[in-house]
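Enquirer: have a look at this prediction, sequence included:
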Amino acid sequence: LQGLKKKQYAPVYLLMGEEPFFIDQISKYIEENVIDEANRDFNQAILYGKDTDSAEILANVKEFPFGSPYRVVIVKEAQDLHALDSLKLYAEKPSENAILVLCVKYKKLRAELYKPFEKKGIVFLSEKIKDNKLPEWILEQSKNYEFKMNLNTAKMLAEHIGNDLSLINSEFLKLRITLPAGTEITPQIIER
């Protein structure tokens, strides 16, 4: 995300792993920030692994961008694609005018499939946060939403929700609507 925020783009991104939250965060940032909103209709394609194939993906990344320096193609649920091998060939010689993002959730690809992506682009392995590290992650998220929270409260939240980062993030979004920035999140607020 730091590289993306500095507008340092790779031609291919392979986002894979057991934790879908981080994959969603990165792909959402690319979707909302690389192409100006006015140019997205012409220069951005969102495809889904079950509904597409490698030929359609390759046709989309080979289109020349119109009014934008890049064409962005995001393939969500890429774990459902049948032939990732042809995309591996594309990753070896990607287009300079395109950014291909493959979101492979709940699994890690074999090394021979992801090595070309690693050479020419970014491979991000999204691993589950261990249960004993979850309260620390919650504390960090509370700061991102401009809330105050102590470790015991973070532990309580982790016990109530469990290791579902998307759900924890949703709860912070709900609190953001109802509470002003700088509010201390207490056990009473969590119970409520």
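Expert: Everything's here; your move. Numbering: from 1, shown residues only.

Enquirer: what separation do you get for the residue nearest to Thr186 when sequence neighbours are not counted and Glu159?
Expert: The shortest distance from Thr186 to any non-neighbouring residue, by Cβ to Cβ, 6 or more residues apart in numbering, is to Thr153 (6.4 Å). For glycine as for every other residue, the C-beta is placed from the backbone atoms N, C-alpha and C. Going from Thr153 to Glu159 by Cβ to Cβ, to the nearest Å gives 11 Å.

Enquirer: those two: which is more packed in?
Expert: Thr153 (22 against 12; other Cβ atoms under 10 Å).

Enquirer: need the phi and psi values for the more buried one.
Expert: Main-chain dihedrals, Thr153, degrees, to the nearest 10: phi -70, psi -40.

Enquirer: surely it meets Glu191?
Expert: No: here Thr153 lies out of contact with Glu191, judged by Cβ atoms under 8 Å, at a distance of 10.7 Å.

Enquirer: what residues does stretch 64-75 touch?
Expert: Residues outside stretch 64-75 that contact it (Cβ atoms under 8 Å, 6 or more residues apart in numbering): 9, 27, 30-31, 34-36, 39, 42-49, 52, 57, 60-61, 63, 81, 95, 97-103.

Enquirer: please redo it, this time with the cut-off set to 7 Å
Expert: Residues outside stretch 64-75 that contact it (Cβ atoms under 7 Å, 6 or more residues apart in numbering) are 9, 27, 30-31, 34-36, 39, 42-47, 49, 52, 57, 60-61, 63, 97-103.

Enquirer: do stretch 167-185 as well
Expert: Residues from elsewhere that reach stretch 167-185, judged by Cβ under 7 Å, 6+ apart: 21, 138, 141-142, 145-149, 153, 161.

Enquirer: at 8 Å what do you get?
Expert: By Cβ under 8 Å, 6+ apart, stretch 167-185 touches 21, 138, 141-142, 144-149, 153, 157-158, 161, 189.

Enquirer: same question, stretch 47-57
Expert: Applying Cβ under 8 Å, 6+ apart, the contact partners of stretch 47-57 are 60, 73-84, 86-87, 100.

Enquirer: let's see that with 10 Å instead.
Expert: Around stretch 47-57, the neighbours that count as contacts under Cβ atoms under 10 Å, 6 or more residues apart in numbering are 45, 59-60, 73-90, 100, 102-105.

Enquirer: so which residues of the chain form strands?
Expert: Applying DSSP state E to the chain gives strands spanning 12-17, 44-48, 71-76, 98-105, 122-126.

Enquirer: can I get the longest one in PDB, CA atoms only?
Expert: Backbone C-alpha positions of strand 98-105 (Å, rounded to 0.1, in the frame of the first residue of the first chain) are rendered in PDB as follows:
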ATOM      1  CA  ALA A  98      -1.600  -2.300 -18.000                       C
ATOM      2  CA  ILE A  99      -1.800  -3.400 -14.400                       C
ATOM      3  CA  LEU A 100      -3.100  -6.900 -13.800                       C
ATOM      4  CA  VAL A 101      -4.300  -7.800 -10.300                       C
ATOM      5  CA  LEU A 102      -5.100 -11.400  -9.400                       C
ATOM      6  CA  CYS A 103      -6.900 -12.000  -6.100                       C
ATOM      7  CA  VAL A 104      -6.400 -15.600  -5.000                       C
ATOM      8  CA  LYS A 105      -8.100 -16.100  -1.700                       C
END
